[in-house]
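>>> Next input, structure requested:
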Amino acid sequence: MTNRLYRSRTDCMIAGVCGGLGEYLKIDATLIRLFFILLALGSGVGVLAYLLLWVIVPAEGAAEADPAETARAGADEIAGRVRSMGDDVRRALREPSPRTGLLIGGALIVLGVIFLLGNLQLPWLRWLRFDLLWPLLLIAAGAVLIWRRVPRG
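Predicted coordinates for the structure are as follows:
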C-alpha cells in the first residue's frame, strides 16, 4: 500500500475517489465503483460516503495542506462541478436534441405498455410484476450499453 491516500487524477470518472482508493488498496477501481453504486442504490449511503471522501481526501499531486484547506478545496471543486452540470442542463433544456426526445418518448411508451399489461390481469402474464421487471430492464439497458461499446470489425 502507498503511504498516502489521494484522489487519482489519472483514474478519474467524477472526482478520482475510487481511482485513488483502488491505488491505495491495490485493487481494481472498477470494483470500488461498483461497491459505491451498490451502496448508493441500497441505502443511499454510497453517495454520502463518496461526497465525504471527495471533500476530505486531497487530490493527487496536491501539496501537503492542513485538513481544513483540503476540505475547502474539495468543497470548492464540488461547487464548480455542480455549476458546470447546471449550465449543461440549462443548455440541454434550451436546445433539446431530437434524439433525446425519441429516447424519452420510447421509454415512456415501453413503461406504459408494461403497466397496461400488468393491469390487464391476464393469466399468461402473471410473471409481469414491476419488482421483477425493473431489474431485468436495468440488466437489458446495461447489456445494450456494453454491446454498443464493443468494437466491431
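>>> Give me the distance between S84 and L136.
34 Å (C-beta to C-beta, to the nearest Å). (Glycine included, C-beta is placed from N, CA and C.)
>>> Ok, L103 next?
L103 is 19 Å from L136, where distance means C-beta to C-beta.
>>> ok, now P151?
Using C-beta to C-beta, one gets 27 Å for the distance from P151 to L136.
>>> Sticking with the residue most central in space within the chain, tell me its helix or strand.
Compute the mean C-alpha point of the chain, and by C-alpha atoms, centre = their mean the closest residue is I37, 6.8 Å away. Counting by DSSP states H and E, the element that carries I37 is helix 29-42.
>>> What is the subsequent helix or strand relative to that helix?
The helix or strand immediately downstream of helix 29-42 is helix 45-56, counting by DSSP H and E.
>>> by contact count, what packs against the helix or strand following that next one?
Past helix 45-56, heading to the C-terminal end, the next element that is a helix or strand (DSSP H and E) is helix 67-94. Based on contacts counted as 3 or more C-beta pairs under 8 Å, 6 or more residues apart in numbering; DSSP states H and E, the elements that helix 67-94 packs against are helix 45-56.
>>> check contacts around the residue in the chain sticking out farthest from the centre.
For the chain, the residue at maximal distance from the C-alpha centroid (C-alpha atoms, centre = their mean) is P123, at 37.8 Å. P123 sits next to no residue when contact means C-beta atoms under 8 Å, 6 or more residues apart in numbering.
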